[in-house]
Every structure is written in structure tokens, then in C-alpha cells.
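>>> give the three-dimensional model of this entry:
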Amino acid sequence: MKSHPSDPMNARAAADLLGVKVQTLYAYASRGLLKSLPGTRGRARRYARADLEALRARSAGPAANALRFGEPVLETRITRMTPEGPAYRGRSAVALARAGTPFTSVAELLWSGALPERAPAWPVDESPWPARDLAKLVPPGSPPLSAVAVALPVLAAADPTRFDTNTDAVLACARRLIPRLAAAYALALDPRRLAPALAAGEPVRALALALGAPTSKRALETLNLALVLLADHELNASTFAARVAASTGADLYACLSAAVAALSGPLHGGASEQVEVLAREAGDASSAAAAVRDRMRRGERIPGFGHVLYPDGDPRVAPLLEAALRLAPRAPRVKTIAAIVAAMDEAARPKPNVDVALACVCAALDLPVGQGPAIFAIGRCAGWVAHVLEQYDAGFVLRPRARWVGATDILPE
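Prediction:
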């Protein structure tokens, strides 16, 4: 007869669960760290699984839960998370975005702690770009981040100064690199857009040209707003990946490659595309509520809603949805996403997060489905660079320990 997970365990099984010797288990019990239960009919004492799990969690220390969205594990002076949204070096990201602060100024704020009085003019990088060769490596229809993933190592190989981790050198590299990465999306979408996007120099316009988005004043303002609000979000998965790479002394290109790889996952940067798929599934605004109900009935998760840091709602959502509705109030996709938000609110479900808002911005810009991660990555580049620099200064390798939970017996050769 198999034991139930809640049944008391014998000493050997309990020791194995804790990853300790049986003698150590007995010591825990004698010191009052663990309660033992009397066995039946003369059997040895037993141990409740719940007590063992609690002791294991306490013994693991705060880092064990920290890696699952728990306690802080690193010190930072870059971004503080607040109920009102992220604060970049003490300045509200939402306030900066609503004020129309240029993305390049926000990037400089994250990097230095000082907000420029005027939008900085980043230099246009006129070094050769092997566009034809790169385009062959990015098949048409590839996910947008594929272009950046291909471009980063190629640009790194062509930069003889990439190993210089001095702050000034890293910042000079970042100012040249971010507009180039924005332009790189043309490789996956339409290589003919690459030259004008590279010539733009300024990352917002370069991104619009590469994606084939409108370049009207209002469209560029909307895109800038999105980049500012996405610029940093403390130790999210992609930022932590960049910091791990930076802690080993890896160059900026390598750190950004690590970050892009983490961002590409559907549980991180790809979430906005899932919102777009839901909107396409709904068909139009009049069917949005039915699509939401169908998903609920099937027990499926509604993408883009709820955020553990913002139980009362993601503060970045309102300015993005407002901007999208101002830009394209009659666009069918915009109306459908707005109707999905309304349906979720009517059902008293979790509030939308930034992925819903980003999907709505993409709809307002009339971009093909799946371009949200492209915008996300360029915006987050600002934060990645800031965290890379902070980790360089910290001067230690990020190397957490693992807690062994397997069998303790050593198998013979």
C-alpha cells in the first residue's frame, strides 16, 4: 500500500527529504527544531511531512524563496518598485512618460542618475553593416527578437573595444548600439527598411521605421511613451540574466544577448503577443466578452491580466491605453482589446497589466501581430545597460547555491 503524501514518514525517508543524515534528523528533534510522532505498535517514531517541509524551507534561508518572486537578493540604486509604478532613480516612470520625456533622456537618467535638461543627441554609428549577410540569417516571418539575437554577436565581433567595461566606454557603446538594435528589426520584417532606420540614429524613429509603424508626431509620441514605461522594472527575469552575465565580466553585447534570450520566453516579453492572439480569437469588440467567457469556462488563463507587484492594477496601463485610444480610436483591434479589458472588469477579474497595454499600442500603430516584444526589448535595453554597469561596480559573481533534494546514497561504480 502506497503512503499518502500527508502520512507520517519514517526516519530514513524524513532524512532523505531534508537532505541530511538520520543522526542529524535525530539532533533536530532533540533540539526542538522538529516534532517527532510516536509510532504504532512499537514502531520507530515518525515525522509529519508538513513539519519537514517547513523545516526545509527555514533551513534553505531567504534566497530559496527569493528566486520565486520573494525576498530581495541584490542591492540597487536604479529602480524602486512602488504601488504607483517603478521609480527611476527616484522619479516616477509614469510621470516621466506623461510629461513626454524623451526615451534617450530616461535612458541617461537610469545610467547616471541625472535627467538631462534637453534630449541628448546620440551619435549615428556609420560603421559598416553587413545587411545582406544578416538578412540571410533571419528568414522572413521570424519572431522580431530573432533579428536582435543575430545582430548582437555580429556587432560584437566587429567591435574591437567591446571588452572595455569602463563606465564611459560602456555608455558610448550603448548609445551607438541601441538605435542599431532598433533598426535590426527590419531584417526580419523588410530589409529595405534597414538603411533609413540606421540613418535615423534616434532610437524611437529608428524603431518606427524598422517596424513599418507610422512616423507622425502622435505615433512617435506613443512609441516613446511605451519605451519610457518599459525602460526598467527592477530584477525581472531578463534583467537578472543580464546581471548574471555582467557579474562574470562579460561584455555589454554578451550581457544584452543573455537578456534578450530571457525576454523571448512567453512568460516574459512574449506575453503581449498572447493578448493579441486572444483579440484575434474574439474577432471584434462585440464578441470580446464571449471570448473571455469561453476561456473562463474552459479554465484557461486570460493573458495580460494580474500582476503580483500591483494587486490594485498596473499603473503603467492607463497612460498606454489612453495613448493608443487617442492615436487610433476607431481601429478594430484597439476596440477589441479595450472591450476585453471592459469584459474582465465586468467579471471582477484581475486588472490588466502592461502586456495588455502594449498589445493595444501595437494595434494602434497597426503593426503585425507579435511585434510587442520588439518594442519591449528596445525600451528595456535602457534598464539592462544600467544594471550591467551596477553589476560591474558590485564586483562579485552571482553564483547562488543549489539545495540537493535527491537521494543521498552514492551509487557504486
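>>> so where's the longest helix in this structure?
helix 372-394 (DSSP state H).
>>> how far does it sit from the chain's center?
Helix 372-394 sits 10 Å away from the centroid of its parent chain (CA atoms, centre = their mean, to the nearest Å).
>>> residues touching Ala121, list them.
Gly201 (CB atoms under 8 Å, 6 or more residues apart in numbering). Bear in mind the C-beta positions are built from the backbone N, C-alpha and C, glycine included.
>>> how is this structure divided into domains?
Domain ranges of the chain: 11-60, 97-262+374-394, 271-364, per automatic domain parsing.
>>> all helices of the stretch 301-413 of the chain, in order?
Per DSSP state H, counting those that start in this stretch, the stretch 301-413 of the chain carries helices over the ranges 317-327, 332-346, 354-364, 372-394.
>>> element containing Thr215, please.
Here Thr215 sits in a region with no helix or strand, counting by DSSP states H and E.
>>> cool, the one 10 residues further on as well?
For Leu225, the enclosing helix or strand under DSSP H and E is helix 217-229.
>>> give me the angle between that helix and helix 372-394.
Angle of helix 217-229 versus helix 372-394, following axes from the mean of the first three to the mean of the last three CA atoms, to 10 degrees, is 40 degrees.
>>> so which elements touch helix 217-229?
Counting contacts by 3 or more CB pairs under 8 Å, 6 or more residues apart in numbering; DSSP states H and E, helix 217-229 packs against helix 93-98, helix 103-112, helix 203-211, helix 317-327, helix 354-364, helix 372-394.
>>> what's the closest of those to Ile340?
Ile340 lies closest to helix 354-364 among those, at 7.6 Å (CB to CB).
>>> and the contacts of the closest one?
Taking CB under 8 Å, 6+ apart as the rule, helix 354-364 contacts 222-223, 226, 229-230, 271-276, 279, 303-305, 307, 314, 316-317, 320-321, 323-325, 327-328, 331, 333-334, 336-338, 340-341, 369, 371-372, 375-376.
>>> what mean pLDDT does it have?
Regarding helix 354-364, the rounded mean pLDDT is 97.
>>> would you mark the buried spots in that helix?
354-364 (16 or more other CB atoms under 10 Å).
>>> between the residues you listed, which sits nearest Ala188?
Within these, proximity to Ala188 (CB to CB) peaks at Cys362, which comes in at 15.2 Å.
>>> state the distance from that closest one to Asp355.
11 Å (CB to CB, to the nearest Å).
>>> same check, this time on Leu367
Relative to Asp355, and taking CB to CB, Leu367 is found at 15 Å.
>>> cool, and Leu263?
12 Å.
>>> now do the shared contacts for the two.
With CB under 8 Å, 6+ apart, Leu263 and Asp355 have no common neighbours.
>>> circling back to that earlier point, report the angle between the longest helix of the chain and helix 103-112.
If you take the same axes, to 10 degrees, helix 372-394 sits at 30 degrees to helix 103-112.
>>> quick check, Arg86 in a strand?
Slight slip there: residue 86 is Pro, not Arg. Yes - counting by DSSP: H, G, I helix; E, B strand; the rest coil, Pro86 is located in a strand.
>>> ok so, going back, which of the helices of the stretch 301-413 of the chain is buried the deepest?
helix 354-364 (a mean of 29; mean count of other CB atoms under 10 Å).
>>> relative to the whole chain's centre, how far out is that helix?
On CA atoms, centre = their mean, the centre of helix 354-364 falls 16 Å from that of its chain.
>>> ditto for stretch 207-224
23 Å.
>>> so where do the strands sit in this protein?
Along the chain, the stretches classed as strands by DSSP state E are 36-37, 46-47, 79-82, 85-88, 91-92.
>>> buried ones in the third one, by neighbour count?
Taking 16+ other CB under 10 Å as the neighbour-count basis, strand 79-82 is seen to contain the buried residues Thr79.
>>> not counting its own residues, what contacts it?
Counting by CB under 8 Å, 6+ apart, strand 79-82 makes contact with 86-90, 92, 110, 232-234, 309, 383, all of which sit outside it.
>>> make it 6 Å
For strand 79-82, contacts defined as CB atoms under 6 Å, 6 or more residues apart in numbering pick out 86-88, 232, 234, 309.
>>> just the second one next, same as before
Among residues not part of strand 46-47, those counted as contacts by CB under 6 Å, 6+ apart are 8-9, 14, 36-37, 39.
>>> can I get those residues in a markdown table including neighbour count and distance to Ala48?
Output for the contacts of strand 46-47, formatted as a markdown table (neighbours: other CB atoms under 10 Å; distance: CB to CB, whole Å):
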| residue | neighbour count | distance to Ala48 |
| --- | --- | --- |
| Pro8 | 21 | 6 |
| Met9 | 19 | 8 |
| Ala14 | 25 | 9 |
| Ser36 | 19 | 9 |
| Leu37 | 12 | 6 |
| Gly39 | 12 | 13 |
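>>> just those now: which is nearest Ala245?
Ala14 (39.6 Å).
>>> which pLDDT value does the model give the closest residue to the closest one other than its chain neighbours?
The shortest distance from Ala14 to any non-neighbouring residue, by CB to CB, 6 or more residues apart in numbering, is to Tyr47 (4.1 Å). Model confidence at Tyr47, given as pLDDT, is 88.
>>> partner residues bridging Tyr47?
Beta bridges link Tyr47 to Met9, Ser36 when assigned by DSSP bridges.
>>> please report how far it lies from Arg333.
57 Å.
>>> same question, Glu108
For Glu108, the distance to Arg333 - CB to CB - is 34 Å.
>>> give me the number of residues near Leu177?
Around Leu177 there are 25 other residues, counting by other CB atoms under 10 Å.
>>> and the nearest residue to it once chain neighbours are set aside, how close does it get to Val94?
In space, Leu177 comes closest to Leu155 once its chain neighbours are excluded; the distance is 6.8 Å by CB to CB, 6+ apart. Separation of Leu155 from Val94 (CB to CB) stands at 33 Å.
>>> again with Asp251
Using CB to CB, Asp251 is found at 33 Å from Val94.
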